[in-house]
Structure formats: structure tokens, C-alpha cells
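A.B. asks: Below: sequence and its predicted model.
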Amino acid sequence: MAEYKSIGINTEKRDAMSLVTGQPVFTDDIALKDMLHIKMMHSPYPHATIEEINTEKAEGYPGVLMVLTYKNTPRVIHTTAGQGWPEPSPYDTYMFNQKMRFVGDRVAAVVAESEEAACEALKLIEVKYNILQAVLDPHDSMRDGVPVIHDEPEIKGAYDPQHNLAANIDIEIGDINEELKKSAYVIEDTIRTQYVQLTPIEPHVTISYLDEYGRIVIRTSTQVPFHVRRIVAQVLDIPVRNIRVIKPRTGGGFGTKQEIILEDICAYATLKTGRPVRAIYTREEELMSTRTRHPMEISLKIGAGEDGLINAISMHILSNTGAYGAHGLTVASNSGSKSLPLYNKAKAVQFRANIVYTNLPVAGANRGYGAPQAYAALEQVIDELAYKTGIGPLEFRKKNHIRTGETSPIFKALGEGKEGVEQYIQSCALDELIDRGAQEIGWYEKFGKHIRNGSKVRGVGMAMLMQGSAIPMVDMGAATIKMNEDGSFNLMYGGTDLGTGLDTVSSQIVAETLGVKPEDIIVYASDTDITPFDVGAYASSGLYISGSAALKAAMAVRDQIFEVAKELLGEVDDKNFILEDGRVISKASGKSLSLSEIAHHTLYVSNQHQIIASASMVSPYSPPPFAVHFAEIEVDGETGVIKPIKYVAAMDCGKPINPELVKGQIIGAVSEGLGYALTEEYVFDENGKMLNGNLTDYKIFSTRDMPEVVPIIVETYEPTGPYGAKSAAEININGPAPAIANALYDAIGIRVKDFPLTPEKVLREIKNK
Amino acid sequence: MKVTYIINGKKQEFDISPGEILLDLLRDNGYMEVKGDCYEGTCGACTVLINNVPYASCTTLAAGVDEAEITTVKGLGDINNPHPVQQAFAKFGAVQCGYCTPGEILSAYALLLKDPDPGEEDIKRALDGNLCRCSGYMQQIEAVKIAAKMMREAGDNGRV
Ligand code: FES
Ligand code: FES
């Protein structure tokens, strides 16, 4: 294998030093002169229409400039989902509307000189609601006679709004009933997942202002700057060219920022007042009014033959998209397309999903994008089947998993809300992941041993996982690289680093290609005026798409450097050069020039030109990273408390460009997944109002909740990826829920079929046993 | 009313209103390195040191800490001269998005002032009030251990 200088090494994160020393790098770290502030009023009712709204008193409050409501804002139906155009999500949302569809829906916004004035004025808005019957149980949504949540005629792209059905999927490969009938072993089960959110510690925040040419600049904490520009243009009915979106450093996103939440309102207020405007959500607003993970009920029927090979898988999903359909169709598609191909021996596969509206908080993109829900169910049922066949969890999975050179019909049948793209696996280390993980957790010493200590019993469980690397033939990113006279390069690309380290790995890729150090690459990203287009950071696309675009641009720049070197060194063949240590070297003559000499020559001496190149990346491939997770837990039979003791996450992400950053992706995703498995859950009152909209009662993992986590990176080489890399960002959030659930079964033989696995539910199951 | 603080070693005077929160006062006066999020003392993003003890500045009344010595992450070091805790966080993967980082670093620094050689549990306890959604904490705990070692080896208590 090639000797790399910048690939596979732990380059310090390019923004790390700025972050640890508190540089003002985030959206809200600037204070503009004469900046106005926005505060939002939210609906207290889950389903209602505004009969009357009186904003006069609020408008008269000192310091208030305006109050925005459905009456004085553009009425353009759209989706808030930051997806490629045309979006596969239904158009069912307005900036403001007369109809309220969940507790937390937007009623009005006050624009004022200060946050305090805006807050005071909010209290003076008088609203008379006509309260409607609410639909709070997704099982009720499609029933006849149930209130229609989206009854406005403009709604576009929803499957059957009259039955509260935002989207629907129905595919069948082979004859499912026949194959199930033929199966010697069949397991059938239903698992429920809850409302959660990934709560990036920086809330949604946007600052907008007019530049010196009267164009709107939107500085915002987003995963999708270019989609923000397009959707704001659509909603405000102004040309794209009048908008510039800048993403500074972002304080985490995890999907909740793949959404247009504050940008349209902020920009509108700037347009109307001509002044800078800032909007920031509180933690309660974040939880209640931004985007959550779709709660799902997943019914599985899986059949295997005498030989232990899976014959048939049927997965039926009831997905609750809440009040609006953002990402409803695609998240559910992903539940199937990112899990079912793992077991590609099945001769028949059926996948059905109903994605229903309710009068509850809005679901959307969340790290894993439907896969965590699917795996929470699938990997438990696979475990049950492994027991039933008598083969055991590890061997059963080894027998059935997809392998290099193989495919699954699901790849083609189930795409991004439409038909997908056929995929053949070109790198896959699943067997080794199973073996290495099993060894690290001590599987053979612990599995089935029920090691007891008073009322506490230990158990081990595991789960096998895959994801993708971007959406094939949909996601596109582009990059431009230009050369400077000191031999440094500017990389300008649309890649959207949310803290993952994308800018760092991209600089490593470019540095490797141009024979310089990562520090020689100056990265500027995610600015719609300056950087080329990129769909943004989602679907595990950052490295695979944006990083590959940077690689292609670097290769084009390299060719330009060779061309100049050929001329200057008087050689005939421009293929005969290499770039190393900041020099271009002729393999034929051994003569060399520094990059600085090349740049000086092209900029100042002869045949003057800027060495610069742009490239775009879109891929027919979406190579899945693979992972196998193992959890060891201790469950207390008296209190029902599950304590994770040790967690092993073994992953194959191709070539790890920066192993330290990969480790961070693994451990971070595991900690979020553990919260999903054990503690995180929205609690609602009987009117669908969230009762735990704060970080005390909505419990995410802190240092002392964490078990020991051991990340294991098994290196493979993915031929379609930049320097052999696949994605690493999402996959590891899929594991903790099923691995912990399987460990619970190993410990005391119970399954709690709805998440999270709280002490009360564990005790209930112990009693029922 | 007027209050006086020593912020990062510099004496500063502010005219404040009675209910003013320290976090708002600091950010309004340009100390943007102090981050806000929950405004109820649960996330730790707004952590500052008051006389070398970590506090959530979002639940601290500005008036209540008159004459205090206040340290923000900028008080520990800067890009050209970072503190060992800052170096270790940057070098060993302890920073992802970085929004929780100023608070984490201050909690770690306060711990190391008291205990130059803390065990894993001590570090976990010291950082427990600083929520981080990106990292899963392992690399931060590791970074604190490394910083402690750097400081011990340099023979100083790292006090700035
Ligand atoms: S903002 Fe102070 S603890 Fe969260
Ligand atoms: S690094 Fe993002 S919250 Fe800690």
C-alpha cells in the first residue's frame, strides 16, 4: 500500500485551536450595530385555528418594530426540509399560518430593539383560538372520521392528506407469504421507538442583514447553506441572487439543522426593516418546535430455513411525522434501505410504511435518519431468530450477512423516496468486526452466563449495522482550489463541517494529493457567494462527496502544476512528475522546483495565469460502512435500572483518513445512541404538550453516565472513496438500542418492546415474566 | 448599580441593572467565548470561573459577584500561547463542534488547580455538569489526563 504523509494520520483539527481559545467563530458571536431581536409566540393548542389575533398592543410596546403573523407575511406553501430540489417532502408548511397543528406551532413573531422588549410584547398579543379535536395517537391518524390535519387545499406532494397520510411506501421482492410458509423458523415481533431529539448544544440561531448592495446576508447555524438560500428565496419570493448564506462554525447539527427553521423569518424581518435581525431559540423551543426523530412502530416477520439462512423479511412501519411531513418519506425509506440489505440472503422482502400526520411535534432529519429505529427492532428479532435456530447471535449473523461482491435488490428498489441505484459491495469487514468485537467484550466468557452480584445480573448483547455514504446520484458537492505564491492553496468548497472535522479531513486529502502539509491548505467553506455548490452535510455525505470533490479539484490543480513544471524543466512528458514535500520533482531527471517557484512563475513571470481548478462530485455508489457493536450491562432486578458497563463499537469505514476524528465520531454517536436506548424521551400531557422541555427532565448522557467505550477501527479499502474512505458519521448511532436490549435479554430473559428501556418498564416485564 | 470584576486579570467596571445575569453581561460586553444555551444551569456551556471555582454564569446574578475574579477560557491562553489544557483538548480529539469546549476546559482547569493528578472518576465528576453532545466524553477525559501530566512535568500548577 502507498506510503501516505497526510492520510491516516491524526492531523490536529484545523479549527481546534480557535475553539479551545474561545475565538468568536459561531453564528451568535458577532453583535451588529442596531441589531433587532426576534421572539416567537407558539400555539398552546395541538389543533386549532386562529379566529382572531390582535397585535396592536404588542406593536405599541416601546421598542417593538413589528409583529409578524399570517396576516402580514407571504403565504407560500413549502417544506422546511433542507433537501435537494425537488424535495421529496410534501409542501405543507407556511412561514405563519392561521391553522395550528401542534403545541409549539408558530403563531407570531415580535421584532424589537431588545430581547426583553420582544418577550414583554409577546405577552400582549391577543389570540382567540377555535380549538379543534386533536389527533395524538398515530394509530388513529388514518381512521375514518378522524379530523384532517392538513385540510388546506394548497397542500402538495402528500400521499393522502384526507387520511392524514403524509407518505406511503410499499415494495415487495419475491413472494413473501410463500417464503415465510416455507421457513422452518419464523419470528414475529413489534417494537416501538419514542420521540427524541439530538439537541445540539448550540441552538438554532440566525443573524441576517443587508450588505452594501442591499442584498440579504444570512449568517446561520445550518447543515444546508445552499438549500437555505433556495428555500428562503422561494418563501420570500425573491431571486436566489439576492441572498448570501454563510455558515460559520456550527455547534452541532445531527440533522436538526437540515431544516429551515429561523432563516426565512429573520430574512423577512431584515427585508422589512432594513436592519440586522437576530433570532435564537431557547432550549425549550429547540425541543418543542424544531425537529425530532420520527417515532416508529416496527413490525417484523422474519423466516429462516433449517440451514439457518434467512428466507424472508417483512418489515412494516408506522411512522409518526408529527404536524408536518418534513423528511417523512425519506426517513422511512432509509429505515428499510439502510438495514434490509445487510441480510441479503432473503429470497423475499416486503417493506411497507405508512407515514402519518399527528398533532405532535414535527419529526425530521436526525443522525441515522430512520436507521436507528429500524435497527432497534431488526437486530432484536434477528437475535430471537438466532436463539430459535440454536445457532447463536454471532454465527447466525456471520451466516447471513452481505459480503464483498454481493448485492441486495433493496438498493435498487428503495431509494430516496423513489427508485434507488443498484450497489455491489466492494469493501466489507463484517466477519472481522464480529470477531474483534467479541474478543474485546469477552463474549465467550460472558454470553449466557448471567453473572450475578446480589440483585444485579450481567448480560452481553450485540448488533450488526450498516449505513450508506451519501445518496447515490442525488448528492452533489463541488470544490475550487487555487494556488498561492508561498506554495499554499485555498480550498473553497461547499462542504459543511458541523464539528465533525470535515474541513480537516478535506485538507488532508488535498495536502496528500498536492504533496504539501494539511496546514498548507487554507479551507474556506459553506458560503453561497464564494464557495461552489454542495448539498450540505447529511446522509453521511461529507467526506464521500465534499471530500471527493476536493480530491478531484486537487488532481486537476496537480495536472496544471505538472504542465508548468514540464515547461520550466524542459521535459516532454507531464506524466513524469511527482509532488512531494512542497516540491514538484521530475522522475526522469531528478530535477525539482518548489511549489513557491512554480506559483511565482505563473503569477509574475511568463505564461502568466492563476493555477486554479474546480471539480464536482456526484456518485452512482454509496458504499455502506459496516459496524458491529457489543454491550455489556448490569441490570438490577430490584430497581430495574440498566447500567451500561462496557461498550465496544467495531467499524469498517474503509480507510480512516484521520483515526482520532473517526474515534470521536464513533464514541459521540454511541453516547447519543445510549441516551436513545435508556433515558431520552419526550413526555406529553393529554393535549400533546411536551412536559419535559429542558435538559434536566429530558435526560441526555453526561460523563458519569458513560460506560467505558472501546472504538475499534478495522481498515479496509473502498475503491470508490477518496483514498479508500467510506463514511463514519451516522452508522454508530444505530447500535446501542438493540445491543443493550439484547444484553438485557441475555441477562434476565426479558424484552422491553418500547424504548427507552426505563427502570419502570424493566420491572413491569420482570413481573410479567 | 456599579460592579467591579477582575476579568482574565484585567480590572473592569460595569453599570448593571439589578436582575442582570452574568452570562448576558459578559456576552454583551464582548466576552463571546462564554456560550449560552439552556439558561437554567443544566448544560454548562456558560461556565466561567469565579475565584477559580466553576459556575454556570447563566444562573449567576452579576450583582452577586461584585469584586470577584472571573476567568473565561481566554484567560487561560490564546492561539499563540495556549494553556496545557487547551493544547491537550486540541491535540487529542477532545474538540468536535467546540460549543461546549470553553466550559469543559474551565471545569478541567479548576479541577487541576485543586488536584494535579486526578483519577478517572474525579475527572468525570468535574466534567459532569458540562454536557457535550458530539464527543461522548472519552477523548475529553483523556485530554484532561494528558494536560495534568504536561503540567506536572512542567513543574507548574498551570495557574494563570
Ligand atoms: S447556559 Fe448556563 S448552564 Fe446552560
Ligand atoms: S464538542 Fe460539540 S457539544 Fe461538545
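C.D. replies: Thanks, I have it. Ligands and ions are numbered 1, 2, ... in the order given.
A.B. asks: okay, now residue 86: neighbour count?
C.D. replies: Using chain A. Applying other CB atoms under 10 Å in any protein chain shown, we find 9 residues neighbouring residue A:86. Quick note: C-beta positions are derived from backbone N, CA and C, even for glycine.
A.B. asks: hm, I was asking about chain B
C.D. replies: Residues lying near residue B:86 (other CB under 10 Å) number 29.
A.B. asks: mind checking the SS state of the residue in the stretch 1-150 of chain A that ligand 2 sits nearest to?
C.D. replies: In the stretch 1-150 of chain A, the residue that lies nearest ligand 2 is residue A:19 (8.2 Å; CB to the nearest ligand atom). Classification of residue A:19 using DSSP: H, G, I helix; E, B strand; the rest coil returns helix.
A.B. asks: Skipping adjacent residues, who's closest to the most centrally placed residue in chain B in space?
C.D. replies: Residue closest to the average C-alpha location in chain B (CA atoms, centre = their mean): residue B:106, at 2.4 Å. Closest residue to residue B:106 apart from its sequence neighbours, by CB to CB, 6 or more residues apart in numbering or on different chains: residue B:47 at 5.0 Å.
A.B. asks: what's the pLDDT at the residue lying closest to the residue of the stretch 1-150 of chain A closest to ligand 2 once chain neighbours are set aside?
C.D. replies: Once flanking residues are discounted, residue A:19 sits nearest to residue B:98: 3.1 Å by CB to CB, 6+ apart. We have a pLDDT of 98 for residue B:98.
A.B. asks: And residue A:417, by the same measure?
C.D. replies: Looking at residue A:417, its pLDDT reads 78.
A.B. asks: any idea how far residue A:504 is from the residue of the stretch 1-150 of chain A closest to ligand 2?
C.D. replies: Applying CB to CB, to the nearest Å, the value for residue A:19 to residue A:504 is 12 Å.
A.B. asks: do residue A:464 as well
C.D. replies: Residue A:464 sits 30 Å away from residue A:504, going by CB to CB.
A.B. asks: and what of residue A:286?
C.D. replies: Separation of residue A:286 from residue A:504 (CB to CB): 27 Å.
A.B. asks: Residue A:86 now?
C.D. replies: 33 Å.
A.B. asks: Equivalent analysis for residue A:611, please.
C.D. replies: As judged by CB to CB, residue A:611 and residue A:504 stand 23 Å apart.
A.B. asks: and what of residue A:78?
C.D. replies: 34 Å.
A.B. asks: Tell me which of the two has more neighbours.
C.D. replies: Neighbours per residue, other CB under 10 Å: of residue A:78 and residue A:504, the larger number sits with residue A:504, 24 against 20.
A.B. asks: Check which helix or strand the more buried one maps to.
C.D. replies: According to DSSP states H and E, residue A:504 maps onto helix A:502-514.
A.B. asks: Could you look up the next helix or strand downstream of that helix?
C.D. replies: With DSSP H and E setting the assignment, the helix or strand that follows helix A:502-514 is strand A:521-525.
A.B. asks: what's the next helix-or-strand element following that next one packed up against?
C.D. replies: Using DSSP H and E, the next helix or strand after strand A:521-525 towards the C-terminus is helix A:548-569. Where contact means 3 or more CB pairs under 8 Å, 6 or more residues apart in numbering or on different chains; DSSP states H and E, helix A:548-569 is packed against strand A:476-483, strand A:489-493, helix A:502-514, strand A:577-580, strand A:583-586, strand A:592-594, helix A:595-600, strand A:612-618.
A.B. asks: can you pull out the strands in the stretch 301-450 of chain A?
C.D. replies: With strands called from DSSP state E, counting those that start in this stretch, the stretch 301-450 of chain A shows them at A:310-322, A:348-357.
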